[in-house]
Structure formats: C-alpha cells, structure tokens
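> I'd like to go over a predicted model; first the sequence, then the structure.
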4 protein chains.
Amino acid sequence: MENSIARRIRDSFARQSVMTTIGATLTAVENGAVTVELPFRSDLTQQHGFLHAGVVTMIVDSACGYAALTMMPASAAVLTAEYKVNFLSPAEGEKLIARGRVLKPGRTLTVCFGEVHAVRDGQEKLVATMMATMVARQDTGLTD
Amino acid sequence: MENSIARRIRDSFARQSVMTTIGATLTAVENGAVTVELPFRSDLTQQHGFLHAGVVTMIVDSACGYAALTMMPASAAVLTAEYKVNFLSPAEGEKLIARGRVLKPGRTLTVCFGEVHAVRDGQEKLVATMMATMVARQDTGLTD
Amino acid sequence: MENSIARRIRDSFARQSVMTTIGATLTAVENGAVTVELPFRSDLTQQHGFLHAGVVTMIVDSACGYAALTMMPASAAVLTAEYKVNFLSPAEGEKLIARGRVLKPGRTLTVCFGEVHAVRDGQEKLVATMMATMVARQDTGLTD
Amino acid sequence: MENSIARRIRDSFARQSVMTTIGATLTAVENGAVTVELPFRSDLTQQHGFLHAGVVTMIVDSACGYAALTMMPASAAVLTAEYKVNFLSPAEGEKLIARGRVLKPGRTLTVCFGEVHAVRDGQEKLVATMMATMVARQDTGLTD
C-alpha cells in the first residue's frame, strides 16, 4: 500500500497536464528520489529526429521537483527556481528515464541532481544531467 | 523577400516537430537574434496551472539555438551543449515570447542569452532568462 | 555624502578579506548595481598566463551579491545560492571590471546578472557572464 | 613511479600561480579524476568568515579542468567554457577537498562533475557541487 507522500506526489503529477500531453509517467517515488519515464514519440523531436532538449529537460525537471517535494512539509508547493542541464548524447532510443534526487534538502531551498538515460535495446546511455534549485512555497502564495 | 539565412532557419524550425506539437511559431529571424512565440494552452501546464518550466525552456532553447545558427556556416548544424535557466515569475498570460540572441559567436562554440516574457493584457513580464552554449556540427556527424 | 546603503555595502566589502588579498576594489554602488575592479596580477593567473577563471568568478560573484544586498532590508545578509558563468574570452589586459545588477529582486531570492570586461589599452572586451541566485538571510542565522 | 599523464597535470598545476597564492595543492591524479585541497586561511574569506564562494569555485574548477585534461591528447590545452556551482553549506573547517571527475569525455568538449567537501574534526561535509564544460585546444591557439 502506497504511503501518503507517494500519493501526494502522484496526485500532483497527475495535475501536470503537460506530462499527459507528452506521454510521460511517474514510475518510482522514494524519499528524496523520483523517476519519470517517457516513451519516444516522433512528435516530440527536434530537426535531427532526436527528442528535443526541452523535452529532456521537462521530464528531469519534474523528476527533480517531485524528489524535492517528497522532503517538504505536506502543506508546501514546489517551484523551480533555476536549473542547468548538460546534454551529453543525442536523446534517441525507445524511451527516456529521468531520475531526480535531492542533494541537499532545506527549509526554503532544496538542491537536486538529475540524470536522463536513453534506453535502446535494453541498454541505458546517459543523455543529460541536471543541477536544480527548487523552492518551497506555501500553497496559498506562489510569488514573492 | 526573405534572405537565405532566414529561409534556412525557417526550414529547420519546421522540422522541429515538437514546436508544431506545442503550437510554437518562429516570429522573427535576424542576424544573431531569433524570436519564438507560444500561445498559452492548458495542456502544457504544470500542477498550478502555469506553463511548465520545461515548456518555457523549450521555446527559449529553440530561439537561442537558431540565433546561433544564423551566424554559422550554411553547412553547419547546431546542437545544444548546455544551458541554465532562471525562473523569475510564473509563466501565465495569453502567450509567451522567447527571444534568443548571440552573446559571442565562435567557430565551434556560440554563447547565447535568452529571455522569455509572458504577455497579459498587452503587458510583457519577464518570466525566465537563459544562458546557453551551442555547438556547431557538420551535418554529417552529430556526435563526438 | 554617501547614503546608508552604499556605506553598508562598502563596510561589508571591506570585511571580505579575500578581496584585499587579490587587490579588488569596489568602484561603484548604485541601487541594484555594483562594480568591482581588479588590476591584473601575475600571481592570480592560470597555466596560460590569463587570470584564473575562479578569480574572474570571484569578483563578479561579489559584484552580484552586493548588487542584491542593495535591495535587501538593512538587517539582511546575503549568501550565494548558486551561479553559472560562461567564459567568452581569455582574461588578460590591465584590469578587469565586474558589473553585477539585479534582474529580479525578491524577499528571499534575488536573481542577478553579471558581466566581466577586460580592459586593454582603454578598450573593454567581454570576458565572462554570470547568472546568479542570491539568498537573503537574517544576520543571526546563515544556514537552513 | 608517476606516469606521464600525472606528470603533465602536475607540471601544469605548478604553473597556475594562483594556486600557490591561495595555498592549494594537487593531492590526487587518476585517469578522469583529480583532487585539489586547500587549507583554511582567513585571508581568503568573505564577510561572514567563511571561505569565499569564488575560492571554493577556483579549486573545484582546477580539479575539473585537470580531470578533463587527463583524458585529452598530450598536445591539448584545457580551457573552461562554462560552469555552474551550487553552494550547499558554508565553507568552513580546517580544509577543503575539491574532487573533479569526467562525466563525458569528448574530442572537443568534456563535461565534468565536481564536489567540494569541508573537513572539520575529520568529518567531511558537502559544501558545493559543480557541473562544468571544458574545451580542448591545441596549445598553439587558445581562442576561436
């Protein structure tokens, strides 16, 4: 039976309508670590037929944001303050797996590290890495 | 009549199928500067109803990448090596305008700066800034 | 006569002992914008005789941090949460000028943009750009 | 007996005069991984008495740059294209240990990950993380 934190993450993920639009799913939720997967789709590609860098970013941003949210109080909402992504290989293959984990939790700021692997013929290849700062906000006030 | 650089950018943008998927269009191409616009759509949002950070990133990545491509030889392809994005305000309103421009062109590496503004009731508000490194590749060999 | 904000910045800068160690000085303080200068010194170089990337970073970090502090309450201390720097040209010449300015002030987080120019024969050349997130802390509690 | 790669790294490090200035030393060189250490010194601090963020950055930049250089041809020079650093805890204690390692080697671009730990009473605490892009240049031509 799923615990309350995982349920909260799944409920919030289900409200990220862009995840449904691109076909991404939440495949693992642990304390401080979340995995999001995305099957390859040709309508998500850039001009060379690889998944667009922004699509790669989107799923690892969600993985990192939800990893941070697992360590925040139940009343908190999470927002992305900033991130940096390095692209190491073209995003091609059957699917992408984005894993986000908390490097340093904090009352206000949580720093996360994320990795995206492409899966082809059962082999994983590192496609991108993310370093991100997530901000906790009370659900009633999202802006400064 | 459009020049050959602008035509090359438009042809390449038209092959970024994810841009069609999300409804983004190329609205300006100058030497070293490109603009991409995206009307708000509720199927591109995150859990609070704002456009997802990854969507914001996607259009400014394309704007920066194509800004870099305007200054590369006709035979070159452009790839994103890395970027960093700061999110300054929630991405809400009628549409987003992403502007990318070249800070420093180079034979191999081109550094770009991008900004995304949200438009609401005719007013622009700064939503995000990007600093990106783009790489020129010959069209025949994309990987190291 | 200098105003109280500028005096507060100068007092704090004077306590950054590493700035004295490397010979950097605060040359301008405005609301939301600070300038730090560093004369070239061969004992601050890397293996090719240019000023080390970390030295370039150090002065623009201070310029950005103090730019943020000009817009914070008098009781606040400023800490660097994160930054990203792109290096555009070798840091050589008679001196460096680092200019930091606030892109978006906030109660907790302030986003800054910084540029470093090298001056040679009276000409400025862009050496590096910084995008940084600064955090306001009450002076009594620096950590989460 | 030290191998030729390690000797090359040590020779280059010895020419980074800023490392001597701040008292940093190279303590380990492996294929794709380099460690730099810095004893605490009060003349390297910021206004709260911690080591300045730029000093933390400097040693992990050198660790990452030399980690990249271990995997480049003997004729190559390494330059920092860009990096991003997140600061997780104040840099205080007896000394800092900066470890850089290669995430993805490449003919032109090498992506590295770095960590800085502060040591206090024999305990290590994570102070900062770096994600960096290093560029290989032939020793005769450093600029684009």
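Looks like it came in fine.

> can we go C-alpha only for contacts and neighbour counts from here?
Will do.

> need the longest helix for chain A.
Ranked by residue count, the top helix of chain A under DSSP state H comes out as helix A:53-69.

> touching chain C at all, that helix?
No. On the criterion CA under 8 Å from any CA of the partner chain, helix A:53-69 is out of touch with chain C, staying 14.9 Å away.

> what stretches of chain A score poorly on pLDDT?
A:1-2, A:139-144 (pLDDT under 70).

> quick one: the strands in it?
Using DSSP state E, the strands assigned to chain A run over residues A:25-30, A:33-39, A:76-87, A:95-104, A:109-120, A:123-138.

> contact partners of the fifth one?
Counting contacts by CA atoms under 8 Å, 6 or more residues apart in numbering or on different chains, the residues outside strand A:109-120 that touch it are A:56, A:60-61, A:63-65, A:67-68, A:91-105, A:124-136, D:86, D:88.

> Roughly how far does the spatially most central residue of chain A sit from A:L26?
Nearest residue to the geometric centre of chain A (CA atoms, centre = their mean): A:A63, 2.1 Å. From A:A63 over to A:L26 the distance is 8 Å, taken as CA to CA, to the nearest Å.

> Now list whatever residues contact both of these two.
A:34-36.

> By neighbours, which of those residues wins?
A:V34 (28 neighbours; other CA atoms under 10 Å in any protein chain shown).

> who's that residue bridged to?
Assessed by DSSP bridges, A:V34 has beta-bridge partners A:V29, A:G100.

> Verify the contact between it and A:A63 for me.
Yes. Using CA atoms under 8 Å, A:V34 is in contact with A:A63, at 5.2 Å.

> okay, and the common contacts of these two?
With CA under 8 Å, 6+ apart as the test, A:V34 and A:A63 both reach A:99-101.

> and A:M72, how far is that from chain C?
According to CA to the nearest CA, to the nearest Å, A:M72 and chain C sit 13 Å apart.

> On the strand side of things, show who the nearest residue to that residue once chain neighbours are set aside bridges to.
Nearest residue to A:M72, sequence neighbours excluded (CA to CA, 6 or more residues apart in numbering or on different chains): A:A136, at 7.2 Å. Using DSSP bridges, the bridge partners assigned to A:A136 are A:V78.

> Run a quick neighbour tally on A:A136.
Neighbourhood size, A:A136 [other CA under 10 Å]: 23.

> hmm, back to that, next up, the contacts around the residue nearest to the centre of chain A.
A:33-36, A:98-101, A:114.

> One more: A:P105?
Remark: with contacts taken as CA under 8 Å, 6+ apart, A:P105 is in contact with A:68, A:71, A:111.

> Neighbour-wise, give me the winner out of these.
Neighbour counts for the contacts of A:P105 (other CA under 10 Å) peak at A:A68, which has 34 neighbours.

> ok, it touching A:A132?
No. Assessed by CA under 8 Å, A:A68 is found out of contact with A:A132, at 10.0 Å.

> Can you add distance to C:R120 and give the contacts of A:A63 back as TSV?
Below are those laid out as TSV (distance: CA to CA, whole Å):
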residue	distance to C:R120
A:A33	50
A:V34	50
A:T35	51
A:V36	51
A:A98	47
A:R99	47
A:G100	45
A:R101	46
A:G114	42
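
> Identify the farthest-apart pair in those residues.
Taking CA to CA, the two most distant members of the contacts of A:A63 are A:V36 and A:R101; they sit 11.7 Å apart.

> ok, back up a step: how far out from the middle of the chain is the longest helix of chain A?
Chain-centre distance of helix A:53-69: 2 Å, with CA atoms, centre = their mean, to the nearest Å.

> And A:T133, how far from D:K84?
Noted for A:T133: a distance of 12 Å to D:K84, by CA to CA.

> now swap in A:G122 and tell me
A:G122 sits at a distance of 32 Å from D:K84 (criterion: CA to CA).

> who's more crowded, the two?
Shown here are A:G122 and D:K84; by other CA under 10 Å, D:K84 has more neighbours (26 against 10).

> and the nearest residue to that one once chain neighbours are set aside, what are its bridge partners?
Distances taken as CA to CA, 6+ apart put C:K84 closest to D:K84, at 3.9 Å, once the chain neighbours are dropped. For C:K84, the beta-bridge partners under DSSP bridges are C:M131, D:K84.

> hang on, C:K84 packs against D:T57?
No. Contact between C:K84 and D:T57 fails when scored by CA under 8 Å: they sit 10.7 Å apart.

> what residues are shared contacts of the two?
D:V85.

> for the residue nearest to A:E82 when sequence neighbours are not counted, what are its contacts?
For A:E82, ignoring the flanking residues on the chain, the nearest one in space by CA to CA, 6+ apart is B:N86 at 4.3 Å. Neighbouring residues of B:N86 by CA under 8 Å, 6+ apart: A:81-83, B:128-130, C:111.

> Please tell me how far B:N86 sits from B:A74.
32 Å.

> try A:V116
Counting by CA to CA, the gap from A:V116 to B:A74 is 31 Å.

> out of these two, which sits in the more crowded spot?
Neighbour comparison, A:V116 and B:A74: the larger count goes to A:V116, with 28 against 13 (by other CA under 10 Å).

> Tell me the spacing between the nearest residue in space to the more buried one that is not next to it in sequence and A:A136.
Spatial nearest neighbour of A:V116, chain neighbours left out: A:A98 (4.3 Å); criterion: CA to CA, 6+ apart. Using CA to CA, we find A:A98 at a distance of 22 Å from A:A136.

> Tell me what the nearest residue to A:F40 once chain neighbours are set aside is bridged to.
In this structure, A:F40 finds its nearest non-sequential neighbour in A:K95, 4.9 Å apart by CA to CA, 6+ apart. A:K95 forms beta bridges with A:P39, A:V119, as assigned by DSSP bridges.

> okay, now A:K95: neighbour count?
Other residues within reach of A:K95, judged by other CA under 10 Å, total 20.

> and it, what is it in contact with?
Applying CA under 8 Å, 6+ apart to A:K95 gives the contacts A:37-40, A:118-120.

> Can you turn the buried part of the residues you listed into a ChimeraX selection?
With 16 or more other CA atoms under 10 Å in any protein chain shown as the criterion, this ChimeraX line picks the buried residues out of the contacts of A:K95:
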select /A:37,38,39,40,118,119
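
> Tell me the one of the contacts of A:K95 nearest chain D?
A:A118 (14.9 Å; CA to the nearest CA).

> From A:A128, how far out is that closest one?
Taking CA to CA as the criterion, A:A118 is separated from A:A128 by 9 Å.

> try A:V135
A:V135 sits 22 Å away from A:A128, taking CA to CA as the criterion.

> Same question for A:M72.
26 Å.

> Repeat that for A:V36.
The spacing between A:V36 and A:A128, counted by CA to CA, is 14 Å.
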